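>>> pasting a predicted model and its sequence here:
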Amino acid sequence: TSNSSSMPEFGGSESALVDPFSEESISGMMLRIEREADYRNQLVEWGLQRARLFSWDETARQLLQLYDQLADER
């Protein structure tokens, strides 16, 4: 993912970060993922673990909590 904006935070410390403005950075990472099976498999595992941290149910719960807080402040 991109090494800029909020993507490193979202992807986590284990994500494969690239400079989104550098063709060499992007192509280099793509080649590494293609050529290094152990690295590719580790990225898949990290991605699956990271995805478990996010859910629509939790997002909805947090949003509802925020709405409740805002309503209480009125």
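Sure, I can see it. Residues are numbered from 1 along each chain as shown.
>>> contacts, neighbours, all on C-alpha from now
Will do.
>>> I'd like to know how far residue 34 sits from residue 27.
Residue 34 is 10 Å from residue 27, where distance means Cα to Cα, to the nearest Å.
>>> need the overlap of contacts for the two.
Contact with both residue 34 and residue 27 is made by no residue, according to Cα atoms under 8 Å, 6 or more residues apart in numbering.
>>> most centrally placed residue in this protein?
residue 11 (2.3 Å; Cα atoms, centre = their mean).
>>> look up how far residue 23 lies from that one.
As for residue 11, its distance to residue 23 is 20 Å (criterion: Cα to Cα).
>>> hmm, the residue nearest to the centre of the chain is touching residue 48, no?
No: under the contact definition of Cα atoms under 8 Å, residue 11 does not touch residue 48, with a separation of 11.0 Å.
>>> ok now the helix or strand harbouring residue 30, how far from the chain's centre?
For residue 30, the host element (DSSP states H and E) is helix 23-35. Centre-to-centre, helix 23-35 and its host chain are 18 Å apart (Cα atoms, centre = their mean, to the nearest Å).
>>> so what touches that helix?
Against helix 23-35 from outside (Cα under 8 Å, 6+ apart): 16, 18-20, 39-40.
>>> now do the helices in this protein.
7-11, 23-35, 37-51, 56-73 (DSSP state H).
>>> let's have these in TSV, adding distance to residue 1 and mean pLDDT.
What follows is the helices of the chain, written out as TSV (distance: least, Cα to Cα, whole Å; pLDDT from 0 to 100):
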stretch	distance to residue 1	mean pLDDT
helix 7-11	7	86
helix 23-35	9	97
helix 37-51	11	95
helix 56-73	22	94
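>>> for the nearest residue to residue 20 once chain neighbours are set aside, what are its contacts?
The shortest distance from residue 20 to any residue other than its chain neighbours is 5.4 Å, reached at residue 2 (Cα to Cα, 6 or more residues apart in numbering). Under the criterion of Cα under 8 Å, 6+ apart, the contact list for residue 2 reads 8, 17-20.
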